[in-house]
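Asker: prediction below, plus the sequence it came from.
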Amino acid sequence: MDVLKRLKAFYMPERKKLFASIFFLMCATALGLVYPNLLRYLIDEVITPGRFDQVPMLALAVVGIISLKALNQFLHGFFGGRLGNQVAYSMRNALYSKLQQLSFQYYDRAKTGDLMSRLTADLEAIRNFVGFGFAQILNMILMVVFGGIMMLSIHWQLTLFTLLTIPLLGYLAIRFERHIHPAFREMRQAMSNLTTAVQENITGVRTVKSYAREDHEVSKFSIRSEAYQSNQVGAAAIWARYFPTMELVANMSAVILLIAGGLLVIQKSLLLGEFVAFFSLIWFIIGPMWGLGFHINNYTQFKASGERVLGLLDEHVHIKNEKDAILLDESLVKGHVKFNDIVFHYPDKSPALTNIDIDAAPGSVIGLLGATGSGKSTIIQLLMRAYDVKKGSITLDGIDIRQLDVSSLRRQIAPVFQETFLFSASIRDNISYGAAGISEEEIVKAAKLAKAHEFIMEMPQGYDTVVGERGMGLSGGQKQRIAIARAFIKNPRILILDDATSAVDMETEQEIQAGFKQLMAGRTTFIIAHRISSLKHADEIIVLDGGHIAQRGKHEQLISEPGLYRETYNIQYADFLNDEAALVGSDSARRRSMTS
Ligand SMILES: Nc1ncnc2c1ncn2[C@@H]1O[C@H](COP(=O)(O)OP(=O)(O)OP(=O)(O)O)[C@@H](O)[C@H]1O
């Protein structure tokens, strides 16, 4: 029952619909109870005494009751449907907002397929139960209670005798529930594993195909599919074991009634009409018991789904606003960023950063250089509060960023990442993403600065061209240029260029750099780059090695002293010289072959 209690917040606002749905179902059930009484009346009061003139009236009464019952059933369905959909709608929105709040730490481990199945299949099970299952269980109880009372009022001894097998049926039903619930939980998990496999396969289809791993993917999928199938078979086996037994026990009541009731009629201690009414009433008890398995199944599915949905809603939000979080006044932010003796490690990992001190004055440019895995991106993630530091602090204009409103902080920062994520929307919407009320001129201006305007105009629908999922249909460089335009639009105090020009050629890089200069003016900028050419003009270059600062200073100073920077510079410079030499060599060879 805990899940039902915990989900109260979602269905209680809809209680009017819930009560209406239950009320009309109860009315329909109560009207159903009139039948046996009509039957009894027909036999004992009309047919036996030979008052056949009452038959048309009785027939009319039956038509009236049937119509009224149908109306009540319709109203039950109407309100139940609305209730279930409204609850599913609120829950879906709550889940989606929760997904927006959850921090990077959660997404480091989350599986998309699993999340998708919580938002779809699990919500569907909840919608079904809240909309109909719940009212039907209640109805089932009412049928048993009302039917039982009516039977007791006709012949209590016969009632007790007939219902002898009911406790056994109840016992079986409980045992069934105990077995089927874990089976359903496993089935849901297996389903989510299956969805994850499909989702990953579709997302990574290019990798799969380039490595010719289709067969491997098929067998990976088959394993999960088999697990799902065996879960289904397992559940069906439990079902097959219990259902016939439960049906047998339920039907035993009817048999007992036929024997005992028949004898009573022969002995004249029970009227024939009462016996027929009894036989009709017994189905008010057997019917729900038959359906018990279905309702239990419905309920257990709901419980398993509810647990998974609540599990997501209860998920800890690592990064959230403090009680009196400070909202930054955008016009007053200067962009003075300080890292004070930072130590940070990702969960269950050794420190990714140790003793990091950076003082980025407003408008200054900080370059971050280092081997892969040296901690460059982590520095940026910490500044954006993707994670909170474990030791030390980061301040913006002297305020610890943990005291700032998270959105207000992130609004000051525009990142351009190594990998650009584009939404399946128009190029215009992708550029203006995150900024409301942006004019066409501003979008075009930003695109021009990012050197994206030309290729956008070459597309058939220009700025209205809809890019595929994750920007498919665009080259890496084109995607990055759109991301750069997006950063221009945001007009941030702090700019982050995380290997932002890695996907464009040297020539385009130079052009974009010129645009960056304009963008960077007056903004504090962090540049992560592997090419020294991208950060040699920085006010301070920080060279990272294994999570700590190995060297720092300006370009001229760093190339004059031995260390990682000069080694990197020499390698890149040597490459450049080799390329030049090769070009000169191939050029003169070509000239020689043309003249000969
Ligand atoms: N989300 C994460 N969860 C756990 N560990 C992480 C995560 N991101 C990075 N790391 C680890 O932290 C360390 C620093 O990674 P980081 O991404 O900051 O390096 P980097 O210098 O930016 O590398 P690159 O140049 O390849 O982008 C690495 O050891 C990496 O494995």
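Answerer: Ah, there it is.
Asker: hey, let's count contacts and neighbours off CA atoms from now on
Answerer: Noted.
Asker: can you give me phi and psi for residue 342?
Answerer: phi -80, psi 140 (degrees, to the nearest 10).
Asker: pairing partners for it in the sheet, please.
Answerer: On the basis of DSSP bridges, residue 342 is bridged to residue 356.
Asker: ok, residue 320 - contacts?
Answerer: Remark: with contacts taken as Cα atoms under 8 Å, 6 or more residues apart in numbering, residue 320 is in contact with residue 406.
Asker: surely it is within a strand?
Answerer: No - counting by DSSP: H, G, I helix; E, B strand; the rest coil, one finds residue 320 to be coil, located in no strand.
Asker: distance of it from residue 538?
Answerer: From residue 320 across to residue 538, the span is 33 Å (Cα to Cα, to the nearest Å).
Asker: ok, now residue 426?
Answerer: 35 Å.
Asker: can you check residue 371 too?
Answerer: 18 Å.
Asker: what of residue 153?
Answerer: Counting by Cα to Cα, the gap from residue 153 to residue 538 is 94 Å.
Asker: with neighbour numbers in mind, choose between the two.
Answerer: Per other Cα atoms under 10 Å, whichever of residue 153 and residue 538 has more neighbours is residue 538, with 19 against 10.
Asker: which SS class is the more buried one?
Answerer: Residue 538 is classified as coil under three-state DSSP.
Asker: quick one: mean pLDDT over stretch 197-216.
Answerer: Regarding stretch 197-216, the rounded mean pLDDT is 83.
Asker: ends of it, what's the gap?
Answerer: 12 Å.
Asker: check which residues of that stretch are buried.
Answerer: Using 16 or more other Cα atoms under 10 Å as the test for burial, stretch 197-216 gives 197, 199, 201, 208.
Asker: touching, the third one and residue 217? I think so.
Answerer: Going back to what we said before, that points to residue 201. Yes - when contacts are counted by Cα atoms under 8 Å, residue 201 is listed as touching residue 217 (7.5 Å).
Asker: joint contacts of the two?
Answerer: residue 208.
Asker: can you give the domain ranges for the protein?
Answerer: Using automatic domain parsing, the domains assigned to the chain come out as 2-313, 421-478.
Asker: quick one: closest of the ones you listed to the ligand.
Answerer: domain 2-313 (5.4 Å; Cα to the nearest ligand atom).
Asker: next one: that closest one to chain centre, how far?
Answerer: The chain centroid and the centroid of domain 2-313 are separated by 27 Å under Cα atoms, centre = their mean, to the nearest Å.
Asker: anything in it near the ligand?
Answerer: Yes - Domain 2-313 lies within reach of the ligand by Cα under 6 Å from any ligand atom, at residue 108.
Asker: count the residues that sit near residue 527.
Answerer: For residue 527, using other Cα under 10 Å, the count is 24.
Asker: next, the contact list for it, please.
Answerer: Applying Cα under 8 Å, 6+ apart, the residues contacting residue 527 are 365, 366, 367, 368, 496, 497, 498, 499, 534, 535.
Asker: let's see it at 7 Å
Answerer: 366, 367, 368, 496, 497, 498, 535 (Cα atoms under 7 Å, 6 or more residues apart in numbering).
Asker: ok, now residue 416?
Answerer: 483, 484, 487, 496, 497, 498, 500.
Asker: these two touch, right, the last one and residue 415?
Answerer: Looking back up the chat, that one is residue 500. No - Residue 500 sits out of contact with residue 415 when judged by Cα atoms under 7 Å, with a separation of 8.8 Å.
Asker: for this structure, which segments are assigned as strands?
Answerer: Remark: strands assigned in the chain by DSSP state E are 337-344, 353-360, 365-370, 391-396, 399-400, 413-416, 494-498, 524-528, 540-545, 548-553.
Asker: in its sheet, what does the third one sit against?
Answerer: The partner list of strand 365-370 in its sheet, established with DSSP bridges, is strand 524-528 (parallel), strand 540-545 (parallel).
Asker: so where is this structure shaky, pLDDT-wise?
Answerer: The model of the chain has pLDDT under 70 over residues 1, 290, 293, 434, 469-472, 501-509, 511-515, 574-596.
Asker: report how many residues lie close to residue 394.
Answerer: 25.
Asker: that one is in contact with residue 339, isn't it?
Answerer: Yes - assessed by Cα under 7 Å, residue 394 is found in contact with residue 339 at 4.5 Å.
Asker: make TSV from the strands of the chain and add distance to the ligand to it.
Answerer: Shown next, in TSV, are those (distance: least, Cα to the nearest ligand atom, whole Å):
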stretch	distance to the ligand
strand 337-344	9
strand 353-360	8
strand 365-370	6
strand 391-396	16
strand 399-400	21
strand 413-416	13
strand 494-498	8
strand 524-528	8
strand 540-545	8
strand 548-553	11
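Asker: mind putting these in CSV, distance to residue 459 included?
Answerer: Converted to CSV, those look like this (distance: least, Cα to Cα, whole Å):
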stretch, distance to residue 459
strand 337-344, 40
strand 353-360, 41
strand 365-370, 35
strand 391-396, 41
strand 399-400, 46
strand 413-416, 23
strand 494-498, 27
strand 524-528, 31
strand 540-545, 39
strand 548-553, 44
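Asker: for residue 466, which of those strands is the nearest?
Answerer: Of all those, strand 413-416 sits nearest to residue 466, with 20.9 Å by Cα to Cα.
Asker: nearest to residue 525, of the domains of the chain?
Answerer: That would be domain 421-478 among those, by Cα to Cα, at 16.4 Å.
Asker: show the end-to-end separation of the closest one, please.
Answerer: Domain 421-478 has its terminal residues 12 Å apart, counting by Cα to Cα.
Asker: also stretch 417-432?
Answerer: Start-to-end, stretch 417-432 (Cα to Cα) is 17 Å.
Asker: distance of the closest residue to residue 246 other than its chain neighbours from residue 252?
Answerer: Using Cα to Cα, 6 or more residues apart in numbering and skipping residues adjacent in sequence, the residue nearest residue 246 is residue 169, 6.1 Å away. The gap separating residue 169 from residue 252 is 10 Å, by Cα to Cα.
Asker: over to residue 433?
Answerer: Distance, residue 433 to residue 252, by Cα to Cα: 68 Å.
Asker: okay, now residue 285: neighbour count?
Answerer: Using other Cα under 10 Å, residue 285 is surrounded by 23 other residues.
Asker: next: the one 3 residues further on.
Answerer: For residue 288, the count of nearby residues is 21 (other Cα under 10 Å).
Asker: one more: the one 3 residues further on?
Answerer: Using other Cα under 10 Å as the criterion, residue 291 is surrounded by 15 other residues.
Asker: could you do residue 97 as well?
Answerer: 12.
Asker: for residue 540, same thing?
Answerer: 21.
Asker: can you pull the contacts of it?
Answerer: 365, 366, 367, 552, 553, 554.
Asker: ok, what's across the strand from it?
Answerer: residue 366.
Asker: which ones are touching the residue of the stretch 401-550 of the chain found nearest the ligand?
Answerer: Closest approach of the stretch 401-550 of the chain to the ligand (Cα to the nearest ligand atom) occurs at residue 547, with a separation of 6.9 Å. Taking Cα under 7 Å, 6+ apart, we find residue 547 in contact with 352, 353, 354, 374, 375.
Asker: same question for residue 549.
Answerer: With Cα under 7 Å, 6+ apart, residue 549 has these contacts: 356, 542, 543.
Asker: give me the number of residues near the last one?
Answerer: When neighbours are defined as other Cα under 10 Å, residue 543 has 23 of them.
Asker: show me the contacts for it.
Answerer: 368, 369, 370, 549, 550, 551, 552, 565 are the contacts of residue 543 under Cα under 7 Å, 6+ apart.
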